[in-house]
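Trainee: Coordinates only, no sequence provided:
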């Protein structure tokens, strides 16, 4: 809250005497709290006293003058306290804090008047606004709390009016009259309180005023008499505190002075005489409860009293309502400006301090990691060369070969034949017996369920377009069919058709980040992975004339990949940022018109199947069942490079018990109109029941018949677990167990 005032410019420095005087008065003050003081933390109270003292000096001495703007700045302090009262639990009640500030402001105004620190007009204006503030505080919502009233507050109000000489000098003018009337109302309210000390202070001052200052109007006389009557009746109805001992002398003085102007002789024939009789107190207590006195107050006093209150106090109430509204609006504006300034300062700090530091940190970290990668790659390169030299020298036909037999380990080679069969093994120089995985399997906890293939996660990835057949857009189709008038072939000048594009090379064991570049003569992939070994990596460069097939592929359920096949059966699976980039690369490669590509006029896999006449060839027995199914898998998007899209073959037989099969019998074959899950009629009811009763509470997963796909990486690795690299992949799937 204090931060709202730190930006104010103080035209007048604080005097040590003012601070010392205020602190001394704070020590002498006897706070009236509704809570038990013994339960209040003394440290918290000292903190509250200090903050209150600081607030007072900021709002009173920090702003010079008596203008509306100055008092609006002061009013914002009380607005902030109100907001804190609503949102926070304060150490000291907010009403007590506001009362303490008003008491200190009264004390400060009295000191200024006594020492002549300000001109008379400024003092008078500040006095008027301060008296209005006290009136609004006591007669508003805050005045309903007992903590709003104190002896120091009434003493401060009396001292302020006396220091300005409002009642003694009998000054004329609207400001003086308003201060006088408002101060009188404040005194009457303190006189009516059920507190002996406050009533005594107010009654003493009122008695002095009645004896020394003539009341200017009948309506004011009625206002005073009516207020005294209300206070007296309230005191008589109170059992514990009897303040009528202070009120009755005031009424007696009023009767003595204004007996004739109020025509009491006509309306109050039974009024006790105001002589020095010792029984006057008892007599008047009984008389004030009589119908004669009540009727007189109701008919002759109350109308004038209400008229006086309406004429003199309604305008002040309306003025304070507008004043607080203005303070509230300006307070919110100031908070908004401060928050905006803080936001701008934060952005500047971020821009000039944090961002340069972060950039420098990233630069240094990148340099450090680059150094570590280079060091590691150099080590791996040396190690690779050493192993190659060792195999050359001590291998089976090496100069230093040991003629003792060693166990040789093998792994599946990626080399394919023309039927796409991988029937070749290659020596596995990095063979691992996976002893650590076996030990973790036997002694460690059970593997947790892999969430990779859950429908809930897949649901967030699958888009509507990905469920449809993969195809090219019109723009890419036009690029393919555009005639290329330039010379093609090795003798032609190389022209880049696809600039360096970010992509990833997908293999069984890893995903290699890199860049792809295509020109009129070559397809080039640059391995950009940070752990690339010097002299190694997955870089490749192929002549465009060696390109045999290129297919649109999916990766992680996104249509963003290509699979490239060359005439020696080598193939590469490349994933791009999105479908748009993939289609652009695809169309640009085909626009070069590779000489060994046998198709150009297809836009989708379904069009390719029709154009290849593959089904007709199979029906005419020009190709075998195996070749036909392998080609269907390839066209449909199945690949050796992605375990989630491994090749699948249909289950066509239903009879696995007979020694011989009668292929002319339809019962021998499976019903291909049903999915695998319901080939057995017993499963139909269960599958349908699962679909009908499934409901996702989050609404993200639609109804389904089967929770898993018939082909997934876990299934492939399970059936191929005894052959590397599937053994290693299976262990990685099971959390290295």
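Mentor: Ah, there it is. Everything numeric in this text was worked out from a predicted model, so none of it was measured.
Trainee: What segments of the stretch 301-450 of the chain are strands?
Mentor: Ranges of strands in the stretch 301-450 of the chain, per DSSP state E, counting those that start in this stretch, are 410-412, 425-427.
Trainee: Deepest-packed of these, please.
Mentor: For the strands of the stretch 301-450 of the chain, ranked by mean neighbour count under the definition mean count of other C-beta atoms under 10 Å, the leader is strand 410-412 at a mean of 16. Glycine gets a C-beta too; all of them are placed from N, C-alpha and C.
Trainee: Strand partners (parallel or antiparallel) of that strand?
Mentor: strand 425-427 (antiparallel) (DSSP bridges).
Trainee: which other residues reach the strand it pairs with?
Mentor: If you take C-beta atoms under 8 Å, 6 or more residues apart in numbering as the criterion, strand 425-427 is touched by 408-413, 415.
Trainee: could you dump these to a markdown table with pLDDT?
Mentor: Below are the contacts of strand 425-427 laid out as a markdown table (pLDDT from 0 to 100):
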| residue | pLDDT |
| --- | --- |
| 408 | 81 |
| 409 | 84 |
| 410 | 87 |
| 411 | 88 |
| 412 | 87 |
| 413 | 84 |
| 415 | 82 |
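Trainee: Which of these sits closest to residue 62?
Mentor: residue 411 (83.2 Å; C-beta to C-beta).
Trainee: That closest one and residue 720 touch, don't they?
Mentor: No - with contact defined as C-beta atoms under 8 Å, residue 411 does not reach residue 720; the gap is 11.2 Å.
Trainee: got any ranges where the stretch 351-500 of the chain has weak pLDDT?
Mentor: Along the stretch 351-500 of the chain, the parts satisfying pLDDT under 70 run over 403-406, 444-493.
Trainee: Go again with 90.
Mentor: 366, 369-500 (pLDDT under 90).
Trainee: Over to the stretch 551-700 of the chain?
Mentor: Where the stretch 551-700 of the chain drops to pLDDT under 90, the residues are 551-552, 556-559, 567-570, 578-580, 582-614, 635-637, 640-659, 661-664, 666-668, 670-700.
Trainee: Do you have the strands of it handy? List them.
Mentor: 558-566, 571-576.
Trainee: Quick one: closest of these to residue 348.
Mentor: Closest among these, using C-beta to C-beta: strand 571-576, at 39.8 Å.
Trainee: what lines up beside the closest one in the sheet?
Mentor: Strand 571-576 is paired, per DSSP bridges, with strand 496-506 (antiparallel), strand 558-566 (antiparallel).
Trainee: need the strands of the stretch 301-450 of the chain in CSV with distance to residue 699, can you?
Mentor: CSV is the format used below for the strands of the stretch 301-450 of the chain (distance: least, C-beta to C-beta, whole Å):
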stretch, distance to residue 699
strand 410-412, 44
strand 425-427, 50
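Trainee: Show me the one of those strands that comes nearest residue 677.
Mentor: Among the strands of the stretch 301-450 of the chain, the nearest to residue 677 by C-beta to C-beta is strand 410-412 (30.5 Å).
Trainee: tally of neighbours for residue 703?
Mentor: 11 (other C-beta atoms under 10 Å).
Trainee: cool, residue 421 as well?
Mentor: 13.
Trainee: mind pulling up the phi and psi values for it?
Mentor: phi -100, psi 130 (degrees, to the nearest 10).
Trainee: and it, what does it touch?
Mentor: Contacts of residue 421 (C-beta under 8 Å, 6+ apart): residue 630.
Trainee: hmm, back to that, looking at the strands of the stretch 551-700 of the chain, spot the one closest to residue 594.
Mentor: If we rank these by C-beta to C-beta, the stretch that ends up nearest is strand 558-566, at 10.1 Å.
Trainee: Tell me how far the closest one lies from the chain's centre.
Mentor: The chain centre lies 41 Å from the centre of strand 558-566; the measure is C-alpha atoms, centre = their mean, to the nearest Å.
Trainee: From the rest of the structure, what touches that strand?
Mentor: Here strand 558-566 has contacts from 461, 463, 465-466, 470, 506, 523, 542, 546-555, 571-579, 581-582, 585-586, 639, 641, using C-beta under 8 Å, 6+ apart.
Trainee: So which of those are in helices?
Mentor: Under the assignment DSSP state H, those contribute 579, 581-582, 585-586 to helices.
Trainee: Out of those residues, who's the most crowded?
Mentor: residue 582 (26 neighbours).
Trainee: Might you report the residue contacts of it?
Mentor: Per C-beta under 8 Å, 6+ apart, neighbours of residue 582: 552, 559-562, 576.
Trainee: 6 Å instead, please
Mentor: Shown in contact with residue 582 (C-beta atoms under 6 Å, 6 or more residues apart in numbering): 560, 576.
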